[in-house]
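Asks: can't give you the sequence, but here's the structure:
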């Protein structure tokens with residue numbers, strides 16, 4: 001049979017059945033669209049970070065950084081004068097907030113204009129004459145990009161009020177620089193350049209540097225490292241390549257991106273059920289034609305290629321439409337993902353889509369590949385059945401039942417393989433997700449078999465209770481199992497997936513809420529506005545620290561210091577704090593030494609570590625954690641591991657006494673006030689805010705204050721708001737997943753309607769009314785929804801348990817109990833029930849209104 005004739009035959013069929021064609025397109029389009037959107041969003045966010053690093057770093061190849069966070073200026077002089085490394089540049093880096101603007105925080109680079117030329121061209125990309133002289137001689141002068149000036153409605157000579165920590169300062173625009181391209185313009189629009197001495201004044205870092213940028217060749221790198229160890233620039237410094245910095249950002253967000261990608265692939269899996277159902281139906285509906293073609297000489301391979309070619313055409317068109325949908329969705333999701341990364345990881349200054357050819361090719365391969373995989377079995381079925389059996393539909397459907405019994409066994413083995421993978425496989429996220437997908441596919445393959453078992457078990461009972469219509473309802477589902485079974489499986493997977501996500505998020509939310517209730521024991525919390533994601537790099541002015549600590553209403557003050565240091569070659573977060581007895585009681589320990597005592601913790605070289613850090617570093621109680629300090633490497637005994645959901649990186653907590661002993665650091669990032677009994681918290685919060693307004697000067701509202709003053713309750717509410725914002729994208733994916741499932745049910749019911757037209761016409765001819773036909777078919781829809789909901793319950797709970805105990809733990813290091821919410825269970829059944837009923841409206845109307853004479857013509 002010629003290729004041209006195959007195409008012509010296929011087009012003729014799909015023209016007569018446009019609804020099936022559209023449904024098939026929708027299934028693959030939604031699946032590919034979600035995968036493309038998530039992939040583009042993830043890659044855009046990551047490339048934004050990478051481009052931000054490389055653009056601001058310029059030609060820098062390495063950085064000299066310190067475990068203490070700052071480097072003494074003497075190290076820079078040593079590098080240039082003693083080691084002769086002229087390609088070195090001192091840098092002060094920080095963030096500040098523009099007063100009165102809702103824009104993202106501005107990044108500040110304090111540089112030495114005379115050392116900058118080999119590294120960055122910002123100072124030489126400005127038409128402003130004498131810019132270097134202005135930066136050096138005029139106080140608080142800055143250089144900003146043309147785009148940044150446009151955003152702030154500023155020009156040369158404009159004064160910009162900013163908030164640095166708890167201090168309000170006026171900066172003056174001395175010049176504007178032009179970015180080399182559009183993407184760099186996006187990166188640099190929130191960047192300020194100033195002389196390094198101005199930056200040192202701004203951040204109170206006199207005699208200190210944030211880092212030293214270097215341009216080094218490989219042999220010279222080894223020389224620097226050797227000199228550093230031999231002559232000791234500073235014991236706490238280390239050399240970091242720019243590639244290391246980029247890889248750190250990639251590792252930081254990897255779990256978040258992998259989880260989003262896995263959820264998007266789940267939508268594609270549900271879409272594959274829809275493709276399978278549509279292609280299967282197209283084969284079954286054309287059994288007569290296929291039989292005749294086989295009789296007149298068409299070979300099995302030609303039939304197989306015919307069906308597969310049609311599926312390929314649908315897959316290509318659906319994939320193209322999916323790419324368009326994916327780009328549109330990515331534009332919507334990017335803001336959400338960017339906000340989440342700002343909340344959890346690092347500041348994102350770019351939120352424009354970055355199109356990746358690899359992402360698009362990957363989506364095309366997934367879309368077309370998923371279509372061909374889903375169409376393989378129907379094509380093979382059409383090619384393998386003998387012509388005489390092709391013309392006998394009842395035998396074919398019976399053959400389908402036998403196949404579903406076999407697939408049920410395969411599904412059981414698939415679930416078993418999933419359990420084995422999750423239990424004994426390595427701890428990689430993709431390996432874990434492969435185990436999850438085995439569970440999902442295995443449970444889906446079991447659904448048609450379970451539907452058959454349910455039908456045969458309850459058919460007698462249904463007939464006794466509901467009469468002949470009850471029996472016919474179940475028989476209709478069983479007789480069309482090749483369509484109804486797949487539709488129920490698709491809806492089961494979709495509902496189970498959304499159910500598991502709901503249970504996981506609900507359990508996590510309950511755990512976080514309970515943890516906040518226990519952890520936040522102070523009455524009032526004070527901290528500078530958070531400019532950096534999930535960390536507080538700003539300091540509270542010592543005058544304010546002393547002033548508010550000595551208030552007569554205050555019984556005890558906790559001082560918090562957060563910083564990063566090195567531990568065995570990797571960066572970890574460390575918190576130093578002093579706690580009252582009620583603050584110490586707030587910790588929920590996963591494990592601790594029997595000899596643990598808070599007094600020893602305060603006085604000896606001991607730390608307690610959060611669960612995520614313990615998981616990431618494989619720490620147990622009793623282990624030593626080596627931290628780099630200005631005095632050199634220091635071993636701290638891990639005396640306990642506590643539950644904490646503040647950050648997936650985790651942190652080590654040490655006493656403020658040890659902080660001052662080993663780091664000589666008395667700065668404060670935030671403070672917590674424990675008030676005396678009987679103090680009115682709300683009144684004191686207002687008193688502190690009014691005091692800050694008076695001392696700050698030009699402040700129009702509390703959002704512009706140099707300190708956030710929040711009560712215990714307000715801090716809990718803001719923390720939960722961040723939690724809800726983080727999981728908002730999960731809700732969007734759940735809606736899309738449910739949409740694919742509803743389309744699958746609709747497609748299946750349309751298939752049943754067309755397949756049973758003769759049977760229903762016979763029932764109409766012997767006296768059944770259109771309303772009775774409608775009731776029977778609606779009964780089937782309702783029963784399919786109920787079955788999907790019931791099958792989804794254990795599957796959803798199982799998946800939720802896996803998500804909590806395996807995926808979450810391996811992704812973020814968090815553990816929390818599964819809380820089974822009866823409302824979520826009830827909602828899952830109702831979702832399946834309502835979805836099936838909604839999808840059945842049009843098929844029911846068409847079935848009940850069909851003409852018996854028209855359908856019976858030719859019998």
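Replies: Alright, I've got the coordinates. Quantities reported herein were computed from a predicted structural model and do not represent experimental measurements. Residues are numbered from 1 along each chain as shown.
Asks: What is the burial count for the closest residue to residue 303 other than its chain neighbours?
Replies: Distance criterion CB to CB, 6 or more residues apart in numbering; nearest residue to residue 303, sequence neighbours excluded, is residue 383 at 4.4 Å. No exception for glycine: its C-beta is placed from N, CA and C like everyone else's. Residue 383 has 21 neighbouring residues, counting by other CB atoms under 10 Å.
Asks: ok, now which ones touch residue 383?
Replies: Counting by CB atoms under 8 Å, 6 or more residues apart in numbering, residue 383 touches 300, 301, 303, 304, 307.
Asks: now with 7 Å?
Replies: If a contact means CB atoms under 7 Å, 6 or more residues apart in numbering, then residue 383 has 300, 303, 304 as its contacts.
Asks: do you know how far it is from residue 377?
Replies: Separation of residue 383 from residue 377 (CB to CB, to the nearest Å): 11 Å.
Asks: now do residue 133
Replies: Residue 133 is 76 Å from residue 377, by CB to CB.
Asks: One more: residue 44?
Replies: 37 Å.
Asks: These two: which is more packed in?
Replies: residue 44 (25 against 15).
Asks: doesn't residue 334 make contact with that one?
Replies: Yes - between residue 44 and residue 334 there is a contact under CB atoms under 7 Å: 6.2 Å.
Asks: what do these two both touch?
Replies: Joint contacts of residue 44 and residue 334 (CB under 7 Å, 6+ apart) are residue 353.
Asks: rewinding a little: which of the contacts of residue 383 fall in helices?
Replies: 300, 303, 304 (DSSP state H).
Asks: Helix, strand, or coil at the residue lying closest to the last one once chain neighbours are set aside?
Replies: Taking CB to CB, 6+ apart as the measure, residue 304 lies nearest to residue 383, with 3.9 Å between them; neighbours along the chain are not counted. Classification of residue 383 by DSSP: H, G, I helix; E, B strand; the rest coil places it in helix.
Asks: Local confidence estimate at residue 383?
Replies: pLDDT for residue 383: 78.
Asks: Check residue 43 too.
Replies: Looking at residue 43, the pLDDT reads 77.
Asks: most remote residue from this protein's center?
Replies: In the chain, the greatest distance from the average C-alpha position (CA atoms, centre = their mean) is reached by residue 766, at 57.7 Å.
Asks: quick one, phi psi at it?
Replies: phi -90, psi 10 (degrees, to the nearest 10).
Asks: Could you do residue 663 as well?
Replies: According to degrees, to the nearest 10, residue 663 has phi -110, psi -10.
Asks: And for residue 577?
Replies: phi -150, psi 150.
Asks: pretty sure it is in contact with residue 583, am I right?
Replies: No - using CB under 7 Å, residue 577 is not in contact with residue 583, being 8.0 Å away.
Asks: which residues are common contacts for the two?
Replies: By CB under 7 Å, 6+ apart, the residues touching both residue 577 and residue 583 are residue 558.
Asks: Would you agree residue 92 falls within a strand?
Replies: Yes - counting by three-state DSSP, residue 92 falls inside a strand.
Asks: ok, it - how many residues close by?
Replies: The burial count for residue 92: 25, using other CB under 10 Å.
Asks: what does the one 3 residues further on give?
Replies: For residue 95, the neighbour count with other CB under 10 Å is 20.
Asks: Distance-wise, check it relative to residue 659.
Replies: 23 Å.
Asks: the strands in the stretch 501-650 of the chain, which residues?
Replies: Under the criterion DSSP state E, counting those that start in this stretch, strands of the stretch 501-650 of the chain are mapped to 524-527, 554-567, 570-577, 589-592, 606-610, 624-629, 632-642.
Asks: Which among the ones you listed is found nearest to residue 51?
Replies: strand 570-577 (21.7 Å; CB to CB).
Asks: Parallel or antiparallel, list what pairs with the closest one.
Replies: Strand 570-577 has these partner strands in its sheet, going by DSSP bridges: strand 554-567 (antiparallel), strand 651-655 (parallel).
Asks: which of these sits most buried?
Replies: When the strands paired with strand 570-577 are scored by mean count of other CB atoms under 10 Å, the highest mean neighbour count falls to strand 651-655 (a mean of 23).
Asks: now that one: how far from the chain's centre is it?
Replies: Mean C-alpha position of strand 651-655 versus that of the full chain (CA atoms, centre = their mean, to the nearest Å) differs by 28 Å.
Asks: same question, stretch 363-374
Replies: 24 Å.
Asks: Check stretch 621-634 too.
Replies: For stretch 621-634, the distance to the chain centre is 33 Å (CA atoms, centre = their mean).
Asks: Which residues does it contact?
Replies: 67-68, 235-236, 565-568, 574, 591-593, 605, 607, 609, 619, 635-641, 652, 662-664.
Asks: What are the buried residues along it?
Replies: Neighbour counts over stretch 621-634 (16 or more other CB atoms under 10 Å) mark 621, 623, 625, 627, 628, 629, 630, 634 as buried.
Asks: Also stretch 447-461?
Replies: For stretch 447-461, by 16+ other CB under 10 Å, it's 447, 448, 449, 450, 451, 452, 454, 455, 459.
Asks: and what of stretch 17-27?
Replies: For stretch 17-27, using 16+ other CB under 10 Å, the buried residues are 17, 20, 21, 23, 24, 25, 26, 27.
Asks: for stretch 585-600, same thing?
Replies: 587, 592, 598.
Asks: How about stretch 768-780?
Replies: 768, 773, 774, 775, 776, 777, 778, 779, 780.
Asks: From the buried residues of stretch 17-27, which land in helices?
Replies: Among the buried residues of stretch 17-27, DSSP H puts 20, 21, 23, 24, 25, 26, 27 in helices.
Asks: got a pLDDT number for the last one?
Replies: In the predicted model, residue 27 carries a pLDDT score of 74.
Asks: Roughly how far does it sit from residue 34?
Replies: Distance from residue 27 to residue 34, by CB to CB: 12 Å.
Asks: who touches both of these two?
Replies: Common neighbours of residue 27 and residue 34 (CB under 7 Å, 6+ apart) do not exist.
Asks: could I get the buried residues of stretch 17-27 as CSV with distance to residue 827?
Replies: Shown next, in CSV, are the buried residues of stretch 17-27 (distance: CB to CB, whole Å):
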residue, distance to residue 827
17, 35
20, 31
21, 33
23, 26
24, 29
25, 30
26, 25
27, 24
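Asks: centre of the chain versus stretch 793-803, how much separation?
Replies: 20 Å.
Asks: contact partners of that stretch?
Replies: 422, 436, 439, 443, 492, 496-497, 499-500, 503-504, 818, 820, 825, 828.
Asks: who's in contact with residue 614?
Replies: residue 641.
Asks: could you redo the last one with a cut-off of 10 Å?
Replies: Residue 614 makes contacts with 590-591, 608, 620-621, 623, 625, 638, 640-642, 644, 650, 652, 813, as judged by CB atoms under 10 Å, 6 or more residues apart in numbering.
Asks: For these, which two are the farthest from each other?
Replies: 623 and 644 (17.8 Å).
Asks: Pass me the low-pLDDT residue ranges in the stretch 301-450 of the chain, would you?
Replies: 339-352, 385-401, 425-427 (pLDDT under 70).
Asks: do that again at 80, thanks
Replies: 331-359, 374, 377-378, 381-404, 424-430 (pLDDT under 80).
Asks: what does the stretch 651-800 of the chain give?
Replies: In the stretch 651-800 of the chain, residues with pLDDT under 80: 694-706, 722-778.
Asks: residue boundaries of the strands in it?
Replies: Using DSSP E, counting those that start in this stretch, strands in the stretch 651-800 of the chain cover 651-655, 670-675, 708-711.
Asks: likewise the stretch 51-200 of the chain?
Replies: Under DSSP E, counting those that start in this stretch, the stretch 51-200 of the chain gives strands at 62-66, 71-72, 88-98, 106-111, 141-145, 159-164, 167-177, 191-195.
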